[in-house]
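Chemist: Turn this into a structure:
(2 chains)
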Number of protein chains: 2
Amino acid sequence: MASLGHVTPQSMHFAEPLPLKSGAQLADYTLVYETYGTLNADRSNAVLVCHALNASHHVAGTYEGQERSEGWWDNLVGPGKPLDTERFFVIGINNPGSCFGSTGPMQTNPATGQPYGASFPVVTVEDWVDAQARLLDRLGITQLAAVLGGSLGGMQALSWSLRHPARLRHCVAVATAPNLSAQNIAFNEVARRAIVTDPDFHCGHFYAHGVLPKRGLRVARMIGHITYLSDDSMEAKFGRSMRAAELGYSTQDIEFQIESYLRYQGDKFSEYFDANTYLLITRALDYFDPAREHGGDLTRAFAAAQAKFMLVSFTTDWRFSPARSREIVKALVDNQHDVSYAEIDAPHGHDAFLLDDPRYHAVLRAYFDNVAKEARA
Amino acid sequence: MASLGHVTPQSMHFAEPLPLKSGAQLADYTLVYETYGTLNADRSNAVLVCHALNASHHVAGTYEGQERSEGWWDNLVGPGKPLDTERFFVIGINNPGSCFGSTGPMQTNPATGQPYGASFPVVTVEDWVDAQARLLDRLGITQLAAVLGGSLGGMQALSWSLRHPARLRHCVAVATAPNLSAQNIAFNEVARRAIVTDPDFHCGHFYAHGVLPKRGLRVARMIGHITYLSDDSMEAKFGRSMRAAELGYSTQDIEFQIESYLRYQGDKFSEYFDANTYLLITRALDYFDPAREHGGDLTRAFAAAQAKFMLVSFTTDWRFSPARSREIVKALVDNQHDVSYAEIDAPHGHDAFLLDDPRYHAVLRAYFDNVAKEARA
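Modeler: Purely as a prediction, here's the structure:
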């Protein structure tokens, strides 16, 4: 299948402060974004793709001169792909607080001339959605054909349908949940404790010390990685495979392949991911809970939505299990909203939303095919 | 129900070195143990209780002058309890490498005059079983009525049936597995990385520096704790309960009750548990794999067993799931061994084996009742 080829990120500066849910505001910020395909004459074919923890505006395509620089959802987005860039104008935006170009903890706080670090304001899913909406205003897009996201990106898609109900026709939320469970929060909290108790964290102002809290980031990533995979897929991929033929009888050397794999993932992550961003994004996950303002009633929370919905979950996803998607489906059905739901029998756990499982992609292809026909009509 | 009342630990010194599975040996060591009840005239009513990661020889009863010093399985072991100390002579032994009195990393290495620290030899489930057997030799117990253990303790019970088949009549293994899965090893590995990358670990020789790697131990315990509980029981106990009525919008302050609970568990653990012991015991878990020496064939591994078996698992235990116990049951049935198996519908995850669920305790009571009748016959 043809790829998008080379893509180029753009950036947009906002002088008007962004009011945040916490009551604070983000002043003088920049968002980095990418677009693929062509906006049609009546500006009706735009699809916003929202990113999760460890991703960015770079959804698809490659960067010139950079090998293996495919976007994180390149298997889904491109010419002839399920989200077809020959029909849709696709937009990826890096959320504020992230570490991939948009204003975040690594950037200079204009008020102090120092990096924000731990003083970057706490951002929420709702704040991200509002920041995205402002960028779309500037692009002259008043209504999106669809908002699509997986995991934390799915939460943003859901939030779009609640905060800006008239601005999207379809909400496509994959492998997501109406809020985090106690176990989800627990895993986030352990990861955060690993980071903030790393002596190189320096209360979040490590930039000034010329160090990075890599120990904490490694542990955080290893924990996260375990929860992205299913028990079964880990067993199938690694099982009890040993690195050497004979046992080494060591508590610290690598004995099992799974140890090697996890350490590699942790090392890689600690080289490029910002520790303050990790704290901010996991907190945004913890806080997301649209039912909270409605006395815990998710049905009431979705009463104001106007979009049509497509929900997808994966059978072996124990981080955001199918039961969590079904809670959303129930709330939508209770409101007599138009909702489609697919529960994909896939072995890869939460990670399945990023893989090109044929049944999963067929479902999204068919859905976006209908969205495209509707947009043309 | 009557408690055992006050109990007193004893200790036994061994001048003869213990050969270890790794090829190394443990010289000049001491084991701490407790016994409850009375050994009968023909020495046929002894039951060995094996401990898991975070426990010791102190299985039941209390220590004089110490409030809340109940043994870790006090709800199961005592006069009139499922493992009835009016009928059985119950023995708890602290394994070498542990940090509760038996020779371990905190103790002085007679060869150097310094604490063993990270140089304490790597011990395995099989080594523990052999050390326990020697202590029983000295007590004049040639055959046990039963060996009982849960989790890692269950692995020791299984290992007894393989290494010393004629020395036990019954093997009672609760919430255990024939080996760790890739996911189990992965959680252990993250916990170990948290400990060994704590700057206060000092390559395992922190005793000399007057510090403890508490940061790492806290994270390790938090991870462990999440895996001991079921998703459902965490949800029921904590859900998304907040500490305060209003959100604080902080990445580091406690917002959710589950965070407070986990931090408390981590703090408490880091005060009393030895970091080197944590590494040793999680490694013993990783290494346990009786099928390994039989080409991965668990049925062949259990061919030599002579005991009768009782296996118990818990439906919501995702650390050592019922499927893992069923693998053991199948291997035993394949060998036409006498095996009973109970799968208890309990909500508490892996921790269920330590709780006094009435159905679970009724199963163990009935089983030990039969063991007692047999011993008298």
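
Chemist: sec struct for the residue nearest to the spatial centre of chain A, please.
Modeler: Compute the mean C-alpha point of chain A, and by CA atoms, centre = their mean the closest residue is residue A:52, 1.1 Å away. When classified by DSSP: H, G, I helix; E, B strand; the rest coil, residue A:52 comes out as coil.

Chemist: Tell me the spacing between it and chain B.
Modeler: 18 Å (CB to the nearest CB, to the nearest Å). The C-beta positions use only the backbone N, C-alpha and C, and glycine is treated the same way.

Chemist: is it true that that residue touches residue A:148?
Modeler: No. Contact between residue A:52 and residue A:148 fails when scored by CB atoms under 8 Å: they sit 11.9 Å apart.

Chemist: Please list the residues of the stretch 101-250 of chain A that sit near chain B.
Modeler: Contact residues, the stretch 101-250 of chain A versus chain B (CB under 8 Å from any CB of the partner chain): A:118, A:122, A:179-183, A:185-187, A:189-190, A:192-194, A:196-199, A:215, A:218-219, A:222-223, A:226, A:229, A:231, A:234-235, A:237-240, A:247, A:249-250.

Chemist: Narrow these to just the buried residues.
Modeler: With burial judged by 16 or more other CB atoms under 10 Å in any protein chain shown, the buried subset of those is A:118, A:122, A:179-183, A:185-187, A:189-190, A:192-194, A:196-198, A:215, A:218-219, A:222-223, A:226, A:229, A:231, A:234-235, A:238-240, A:247, A:249.

Chemist: what pLDDT, on average, does stretch A:273-283 get?
Modeler: If you average the pLDDT over stretch A:273-283, you get 98.

Chemist: Confirm that residue A:147 sits in a strand.
Modeler: Yes. Per three-state DSSP, residue A:147 lies within a strand segment.

Chemist: In the stretch 51-200 of chain A, where is pLDDT below threshold?
Modeler: Under the criterion pLDDT under 70, no range of the stretch 51-200 of chain A is flagged.

Chemist: Which parts of it are helices?
Modeler: For the stretch 51-200 of chain A, the helices defined by DSSP state H, counting those that start in this stretch cover A:125-139, A:152-163, A:182-196.

Chemist: so how far is the second one off the chain centroid?
Modeler: It stands for helix A:152-163. How far helix A:152-163 lies from its chain's middle: 11 Å, per CA atoms, centre = their mean, to the nearest Å.

Chemist: now the angle from that helix to helix A:125-139?
Modeler: 70 degrees (axes from the mean of the first three to the mean of the last three CA atoms, to 10 degrees).

Chemist: go on, the last one?
Modeler: Interaxial angle of helix A:182-196 relative to helix A:125-139 (the same axes, to 10 degrees): 80 degrees.

Chemist: Could you check the angle the helix or strand that comes right after helix A:182-196 makes with helix A:182-196?
Modeler: Proceeding N to C from helix A:182-196, the next assigned helix or strand is helix A:214-228, under DSSP states H and E. Calculated by the same axes, to 10 degrees, helix A:214-228 forms an angle of 160 degrees with helix A:182-196.

Chemist: now for helix A:214-228, which elements pack on it?
Modeler: For helix A:214-228, the packing partners by 3 or more CB pairs under 8 Å, 6 or more residues apart in numbering or on different chains; DSSP states H and E come out as helix A:182-196, helix A:257-272, helix A:275-287, helix B:182-196.

Chemist: quick revisit: now render the helices of the stretch 51-200 of chain A as a markdown table, adding distance to residue B:174.
Modeler: Shown next, in a markdown table, are the helices of the stretch 51-200 of chain A (distance: least, CB to CB, whole Å):
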| stretch | distance to residue B:174 |
| --- | --- |
| helix A:125-139 | 43 |
| helix A:152-163 | 39 |
| helix A:182-196 | 23 |
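
Chemist: Among those helices, which comes closest to residue B:348?
Modeler: helix A:182-196 (13.7 Å; CB to CB).
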